[in-house]
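S.K.: Quick one, what's the 3D model for this:
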Amino acid sequence: MLISRGRNPNAGEILTQLVQAKGLRDRVLITLGLLLMIRLGIYVPMPGIDRVAFQEFIQRGGQLIGFLDIFTGGGLSTLGVFALGILPFINASIIIQLLTAAIPQLEELQKNEGEAGRRKLAQLTRYVALGWGILQSTVFALILKQYALPGISEPVFVVQTALALVTGSMVVMWVSEVITERGIGQGASLVIFVNIVATLPKALGSTIELAQSGDRATVGGIVMLVLVFLVTIVGIIFVQEGNRRIPIVSAKRQVGQGSSLAARQSYLPLKLNAGGVMPIIFASAVIFLPLTIANITKSPWLIQAASALNPNSSTPWLYALVFFSLICGFSFFYATLTINPIDVATNLKRSGVAVPGVRPGTATALYLSAVQNRLTLLGALFLGAVAIIPSAVEGATQVRTFQGLGATSLLILVGVAIDTAKQVQTYVISQRYEGMVRQ
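M.R.: From the prediction side, this is the model:
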């Protein structure tokens with residue numbers, strides 16, 4: 001096989017490895033098979049539910065139901081046993097990340113315990129996911145009890161529905177971990193990726209029907225919306241891959257009598273968008289929280305107050321302003337969780353590494369903090385624009401067929417695709433050098 005030593009593998013080399021390399025082929029087949037099993041589980045129906053009445057509730061659910069249904073791949077609307085999908089595990093992962101920054105014992109496990117500490121954190125995440133899944137399943141079952149078929153008592157219905165939902169969620173969590181260990185890519189991210197992709201045919205079909213039955217203004221609005229999505233995807237790729245490379249120099253070290261290692265120069269990369277998609281997820285959860293509480297409590301004044309934060313209300317500018325502010329705030333919050341300038345400066349000083357022109361220690365920490373704040377500001381402004389502009393274009397063009405498929409979905413799709421492609425390339429490169437060693 002022809003190989004390219006000095007560059008990343010091309011498409012031909014990757015396809016050749018998929019056919020010839022048993023290890024990569026098995027990993028890809030395992031990943032595809034398990035993802036297909038998860039998709040089939042979504043369509044295994046839960047018993048005892050009046051689905052006609054529930055579909056009417058889904059249609060009245062608005063943007064919150066559509067937002068959650070995107071991440072479950074239609075599981076909420078179809079009421080399958082995998083309806084909750086990977087959501088409890090994702091929520092548990094976010095909770096553990098927040099607690100790690102607040103609880104010193106968890107921070108010690110993450111930083112200083114190595115692989116054993118990561119295993120303990122993973123096990124703790126599973127327990128939190130189980131507890132969160134039981135809570136979500138119970139709440140969802142209590143909401144569904146009004147759509148139970150006649151002849152089923154409420155306690156029995158709530159228990160069997162909650163048990164089915166939490167069991168399905170735990171199966172999805174286990175499958176995602178198997179994909180991470182034995183397949184290609186990060187399992188939980190791939191599950192969300194597949195669920196989002198599964199909703200695209202329906203959105204595209206609705207858009208095509210709208211274009212065929214609409215006038216020129218409607219067709220022009222669809223074209224404008226598609227162009228905005230394409231430009232957004234290109235921007236996401238640049239921002240996700242963008243980073244600031246801060247030069248660092250290691251000190252000249254004495255390694256023996258009369259010999260020394262010369263100073264080496266390398267780079268410390270700081271990502272432009274350190275929080276990834278998390279700031280938008282946090283902001284979406286917070287902005288939808290008043291509407292969720294209002295729907296549960298049926299309070300008239302709370303419903304009126306929450307309706308002002310609806311993008312389809314008479315004051316969409318208020319929704320855009322609050323949403324944009326929340327994204328910026330959570331971007332800075334999550335950036336502080338991702339990288340701690342004081343810890344980085346301390347580790348650099350211990351390793352005998354310094355930033356040229358900056359004194360080690362406190363000065364380095366202040367310098368890194370200033371650079372990180374500037375990068376976070378640029379990333380937050382970009383995330384806010386990505387979250388607001390597609391919704392604004394939808395409102396201006398009155399094309400609602402992509403409702404729910406917003407900035408969060410686009411960021412996940414692009415990010416997971418890039419990460420999975422990089423992992424495949426890494427595997428192919430390792431196979432390339434193994435072949436050189438054999439020769």
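
S.K.: Helices along the stretch 1-150 of the chain, start to end?
M.R.: Here the stretch 1-150 of the chain has its helices, by DSSP state H, counting those that start in this stretch, at 11-20, 22-42, 51-60, 62-71, 75-78, 87-102, 104-112, 114-144.

S.K.: Could you list the buried residues of the following helix or strand past the longest one?
M.R.: From helix 114-144 onward toward the C-terminus, using DSSP states H and E, the following helix or strand is helix 154-182. By 16 or more other Cβ atoms under 10 Å, the buried positions in helix 154-182 come out as 157-158, 161-162, 164-166, 168-170, 172-173, 175-176, 179-180. Backbone N, C-alpha and C define where each C-beta goes, glycine included.

S.K.: Mean neighbour count, the helices of the stretch 1-150 of the chain: which tops it?
M.R.: Among those, helix 75-78 has the highest mean neighbour count (mean count of other Cβ atoms under 10 Å), at a mean of 24.

S.K.: isn't Tyr43 right next to Val81, touching?
M.R.: No. Taking Cβ atoms under 8 Å as the contact criterion, Tyr43 and Val81 are not neighbours in contact, 9.3 Å apart.

S.K.: Neighbour count: those two, which is higher?
M.R.: Val81 (20 against 13; other Cβ atoms under 10 Å).

S.K.: What's the separation between the more buried one and Leu35?
M.R.: Look at Val81 and Leu35: by Cβ to Cβ, to the nearest Å, they are 16 Å apart.

S.K.: Give the next helix or strand downstream of the lowest-mean-pLDDT helix or strand in the chain.
M.R.: Per-element confidence for the chain was summarised using mean pLDDT, DSSP states H and E. The lowest value among helices and strands belongs to strand 259-261, with a mean of 49. Taking DSSP H and E as the definition, the helix or strand that follows strand 259-261 towards the C-terminus is strand 265-271.

S.K.: Partner strands of that following strand, with direction?
M.R.: Sheet pairing of strand 265-271 (DSSP bridges) gives strand 243-250 (antiparallel).

S.K.: Is the residue lying closest to Asn243 once chain neighbours are set aside bridged to anything, and to what?
M.R.: The shortest distance from Asn243 to any non-neighbouring residue, by Cβ to Cβ, 6 or more residues apart in numbering, is to Pro269 (4.4 Å). Using DSSP bridges, the beta-bridge partners of Pro269 come out as Arg245.

S.K.: State the number of residues packed around Pro269.
M.R.: One way to gauge burial is a neighbour count; for Pro269, by other Cβ under 10 Å, it gives 9.

S.K.: Thought Pro247 was touching it, still the case?
M.R.: No. The pair Pro269 / Pro247 is not scored as a contact, 11.0 Å apart, by Cβ under 8 Å.

S.K.: any residues in contact with both of those two?
M.R.: Counting by Cβ atoms under 8 Å, 6 or more residues apart in numbering, Pro269 and Pro247 have no shared contacts at all.

S.K.: Just the pLDDT for Ala387.
M.R.: As summarised for this prediction, Ala387 has a pLDDT of 76.

S.K.: Oh, that last question was meant for Val128, not what I typed.
M.R.: Confidence at Val128, expressed as pLDDT, is 91.
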